[in-house]
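Enquirer: compute the structure for the input listed below.
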Amino acid sequence: MSMIKRGTQVPARWRLLACGLFLMASCSIAAAADEGIVDVHALPQLEGAVEDTSRPDPYRVEYRMPTPEAVTSPAVKKLLSANGWVPYVRPLEEKSTTLNFKKGRQGLSVHFTQALGRPDQSVVYYSTDRIYSNVPFPDGASDIMFDGTRPYLGCVAPSALDATSEFYKTQMDAIGWRKLTPETAARWTSSLDETVPNGVRAFYEHADSEVTGFYRQKPVMLTLTRREDGRTNVDIRVAPFALPGELKADGDLAGLPRPSPTKTAKSLGSADSNKREMSAAAMAELPAVLAFYHRELAARGWQEDGSAPLAPGDEVAIKISNADETGVLRLGRKYDFTMVSLTAQVKESALASRAKAKKEADEKFLGDALGAAKQLIAADEARRKVQAAALSDAPLNALADSKTPVPLPETAESVKFEGGDGRLEFSSTSSVKALGTFYRASLKNAGWKEQPSVINQPNMAVMTFSKAGKSISMTVMQMGPKVNVSANGSGLIVAAAKPAAVPEVQAKSSEPLKPDPESQLPVPTQRSSTSLATTKLPGTEMPFRRELEASIPAPLGDVLAFYRTELGKLGWQEKTEGATVSTERAQIDFTSPQGPAVLKLGRARGETTVNLAQKNPDAATKADIMPKPGQARVMFGNIGPKEASLTINKQTVKIAAGAGGPQSPKGPMLDLAPGTYQYALRMPGRPARTESLTVAAGDAWGLMVGPTGEVLPLQMY
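Expert: The predicted structure follows:
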């Protein structure tokens, strides 16, 4: 580092630098003054670590290791333990890969990711983790389960009961905990029951303190019990008398009541599902939770039908029922939580009634839709006739100075020609008949031969020409008050020199990616394009599948980090098996609360492309489109006027006219093994058309035959 002697005049740029260093030093001093926050930059790092200094953060450190996560994680745990940090696990997070540590009143969180595109390398993140309710750990304690927000501590002390009791008498006092007496406890309870078989119990309170970080701390209960091996079980939790005795209702999950407060809660299904489940970890004693459900279930028309068989972990199991459903409420204790499990199943009689009501509603919806469609078609036909009358049938001349391989009529507008791809598009005020006559004559004079076509109507004509091994296909179609002309083929290709390829450089984002609060699936506000598609049955609100596509002007790594964060907030869990991550592409499977999902990222035109698809197996099962395990399902429809036959995987499926459309909602279905299949469509009076379809296990696809013989593939699930 350059040094400046005392007495030397300092240039302006050095004075600015000095001011900046002073401000940085001031920030460091302010951060260091908070003894509850660890200086993560002073923590030891593994040998060979390469720290990322591109985004300085006083509360977070990131460094890369030349070893995979399976090797890095235990090495970090050993390194920090040797530095005095005590590892622990949070309640209900036993399977988390994040490491948690405590040292005095400071907390530390350590998590790991795979280095981008390098499965043989890993990235380590140190983050400060403030402990709001500090309690002491006995030296050498094992099986430590701790949450510093309430607090909760469960562990095994290596010392005998008397020695452990003496440890807590001195250490609780040292960090500001004061033992409750009947007098000081009078605001919460009139009795302090300290009798514990084969152990001791004491109650403590802690005053609010900005210095030690305590704020509105509830009294805690310390329980020590003697073990047969001579060690001591330690349990510290919020005193039962300080917990709410009457619980309020939080928002429903799957239409089932949930108490407040809860630490975690999840559900399966929705309020109208045939089977629905809700589970939660309530921060209350079991009698209070049981009283909540007695009240809430009765208010919703449920009755209790006696006890159900107890499952492992249950203390209470009650059968419940209402007019349409049966269910079971299960309650048990784990750590300092009351664990809730509530399930409901629709009765067979109610299922039959729902199916009948749904059939009637579907028939009415489809009848209304068909009637509305007929009205729209009739109105459209009338409008087309009026618009067609305004189009000119006058003979056309070629436009002078045209640069296209085929002549353009003098009425051509909005011409778009892509010579490299062999595509031409334009609109015209001339009629379909006049444009067809123009091209048949001009191309015939140029030596092109027309192939016969069955589509030659007043509002649409399809023409195919060939010459010297090249071809041109043209579609002339009336679209409102004008006629659109589109042409493609090898006869329109014009060779052009391509610019030299320039390696893409993924620039850093100018600002962090922010989620769009209006989007149904996560997407940054900084995007150049986005689209959201949902697939569902007419008249239903629950889609089988949702798919988001977007293009984001940001590096792939930043977009991947954005989705990992935002999807995690929604309860999506990442599957490491089969995941691929590189600088150019990424594909990761997820498990979401609604069902399986997949995130695909790529690079195109200097931006990161996003494809995020989520499936809902409940909705697919309810709609009877769920494929068999390990297979894919293909559904067939035909909105054309004539029967069609489609051959796929050596099987021929006949598709009646209207099948899968408004008049007949269910068409034929076929289950296939995963793979790519060629299929051939045959319709009376039309040439056979051959295409291919790739299906994966668990997919459901629809193949809809159009009125002109085209096939539209659509992924349904």
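Enquirer: just the strands in the stretch 451-600 of the chain please.
Expert: Remark: strands assigned in the stretch 451-600 of the chain by DSSP state E, counting those that start in this stretch are 456-457, 460-467, 470-479, 482-488, 529-535, 545-552, 573-581, 586-591, 596-604.
Enquirer: mind listing what's buried in the longest one?
Expert: Just to be clear, that refers to strand 470-479. Going by neighbour count (16 or more other Cβ atoms under 10 Å), the buried part of strand 470-479 is 471-474, 476, 478. Quick note: C-beta positions are derived from backbone N, CA and C, even for glycine.
Enquirer: do the last one as well
Expert: Of all the residues in strand 596-604, those buried under the rule 16+ other Cβ under 10 Å are 597-599, 601.
Enquirer: got it, and the fifth one?
Expert: By neighbour count, with 16+ other Cβ under 10 Å as the criterion, the buried positions of strand 529-535 are 530, 535.
Enquirer: list of residues touching that strand?
Expert: 519-521, 523, 543-551, 714-717 (Cβ atoms under 8 Å, 6 or more residues apart in numbering).
Enquirer: pull out the buried members of these.
Expert: Listed as buried from these are 519, 521, 523, 543-551, 715-717; burial here means 16+ other Cβ under 10 Å.
Enquirer: let's have the buried residues of strand 470-479 in JSON lines, adding pLDDT and distance to Val559.
Expert: Shown next, in JSON lines, are those (pLDDT from 0 to 100; distance: Cβ to Cβ, whole Å):
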{"residue": "Ser471", "pLDDT": "91", "distance to Val559": "42"}
{"residue": "Ile472", "pLDDT": "93", "distance to Val559": "41"}
{"residue": "Ser473", "pLDDT": "91", "distance to Val559": "39"}
{"residue": "Met474", "pLDDT": "92", "distance to Val559": "41"}
{"residue": "Val476", "pLDDT": "92", "distance to Val559": "43"}
{"residue": "Gln478", "pLDDT": "85", "distance to Val559": "43"}
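Enquirer: want to throw those residues into TSV with distance to Thr98?
Expert: Shown next, in TSV, are the buried residues of strand 470-479 (distance: Cβ to Cβ, whole Å):
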residue	distance to Thr98
Ser471	61
Ile472	62
Ser473	59
Met474	62
Val476	63
Gln478	63
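Enquirer: related to what we said a few turns ago, closest to Gln345 among the buried ones among the contacts of strand 529-535?
Expert: Phe544 (22.1 Å; Cβ to Cβ).
Enquirer: residues in contact with that closest one?
Expert: So Phe544 contacts 535-536, 615-616, 619-620, 623, 625, 700, 716-717 (Cβ under 8 Å, 6+ apart).
Enquirer: repeat that with 10 Å
Expert: Neighbouring residues of Phe544 by Cβ atoms under 10 Å, 6 or more residues apart in numbering: 534-537, 595, 614-623, 625-626, 700, 715-717.
Enquirer: so how many other residues sit close to Leu192?
Expert: By other Cβ atoms under 10 Å, 19 other residues sit near Leu192.
Enquirer: and if you look at Arg237?
Expert: 21.
Enquirer: name the strands paired with the one helix or strand it maps to and say parallel or antiparallel.
Expert: Applying DSSP states H and E as the criterion places Arg237 in strand 232-238. With DSSP bridges as the test, strand 232-238 is paired with strand 152-157 (antiparallel), strand 220-226 (antiparallel).
Enquirer: out of those strands, which is the most enclosed?
Expert: Comparing those by mean neighbour count (mean count of other Cβ atoms under 10 Å), strand 152-157 comes out on top with a mean of 22.
Enquirer: by contact count, what packs against whatever helix or strand comes next after that strand?
Expert: Toward the C-terminus, strand 152-157 is succeeded by helix 161-174 as the next helix or strand (DSSP H and E). Here helix 161-174 touches strand 152-157, strand 178-179, strand 199-205, strand 220-226, strand 232-238, going by 3 or more Cβ pairs under 10 Å, 6 or more residues apart in numbering; DSSP states H and E.
Enquirer: can you do 8 Å?
Expert: The contact analysis (3 or more Cβ pairs under 8 Å, 6 or more residues apart in numbering; DSSP states H and E) places helix 161-174 against strand 199-205, strand 220-226, strand 232-238.
Enquirer: which residues are in contact with the strand holding Arg237?
Expert: 135, 138, 141, 150-157, 159-161, 164, 199, 218-227, 335-336.
Enquirer: which residues in the stretch 251-400 of the chain form strands?
Expert: Assigned by DSSP E, counting those that start in this stretch, the strands in the stretch 251-400 of the chain fall at 256-260, 262-268, 275-282, 303-307, 316-321, 325-334, 337-346.
Enquirer: now those strands in TSV, with mean pLDDT and distance to Thr690?
Expert: Shown next, in TSV, are the strands of the stretch 251-400 of the chain (pLDDT from 0 to 100; distance: least, Cβ to Cβ, whole Å):
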stretch	mean pLDDT	distance to Thr690
strand 256-260	95	51
strand 262-268	93	43
strand 275-282	95	43
strand 303-307	95	61
strand 316-321	96	56
strand 325-334	96	50
strand 337-346	96	45
